[in-house]
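Engineer: Compute the structure for the input listed below.
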Amino acid sequence: MEITKNMKVEELLNSDPSLSKIFIELGLPCLVCGQAFWGTIEELARQNGIAVDKVIKELNKGHNQR
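Structural biologist: Residues are numbered from 1 along each chain as shown. Coordinates of the predicted model:
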C-alpha cells in the first residue's frame, strides 16, 4: 500500500498503528498521542506547518520497513 496525502489519519493508523511514532517524531498530533485529528494527512501537515511531501515520504518509508 502506498500512503498518499488524501488518506485519513485515522484509517492509516488503524491499518498500521506503528506509524504513530512517525507522527510523533514530526511533531504532529495523532490518535494515539492524545490529540485526535480526523482529517487527511495533508490537512494535518498544513495545519501544523509541516511540508506534506516530507510527511508522506517518512510515512511510506516507515510503512515499507514493516
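Engineer: where does the protein dip in pLDDT?
Structural biologist: Within the chain, the stretches with pLDDT under 70 are 30-37, 66.
Engineer: CA-only coordinates of the host helix or strand of Ala45 in CSV, if you can.
Structural biologist: Using DSSP states H and E, the element containing Ala45 is helix 41-47. Taking Å, rounded to 0.1, in the frame of the first residue of the first chain, the C-alpha atoms of helix 41-47 are listed here in CSV:
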residue,chain,number,x,y,z
ILE,A,41,-2.6,13.6,6.2
GLU,A,42,-2.4,16.7,4.0
GLU,A,43,-4.8,18.7,6.2
LEU,A,44,-2.9,17.7,9.4
ALA,A,45,0.5,18.7,7.9
ARG,A,46,-0.7,22.0,6.6
GLN,A,47,-2.4,22.8,9.9
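Engineer: quick check: longest helix of the chain.
Structural biologist: helix 52-64 (DSSP state H).
Engineer: Show me what that one is packed up against.
Structural biologist: If contacts are counted by 3 or more C-beta pairs under 8 Å, 6 or more residues apart in numbering; DSSP states H and E, helix 52-64 sits against helix 20-25, helix 41-47. Quick note: C-beta positions are derived from backbone N, CA and C, even for glycine.
Engineer: Quick one: those as TSV, columns for mean neighbour count and distance to Gly62 too.
Structural biologist: Listed next are the helices and strands packed on helix 52-64 as TSV, based on neighbours: other C-beta atoms under 10 Å; distance: least, C-beta to C-beta, whole Å:
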stretch	mean neighbour count	distance to Gly62
helix 20-25	16	5
helix 41-47	18	13
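Engineer: among those helices, which is nearest His63?
Structural biologist: His63 lies closest, by C-beta to C-beta, to one member of the helices and strands packed on helix 52-64: helix 20-25, at 8.8 Å.
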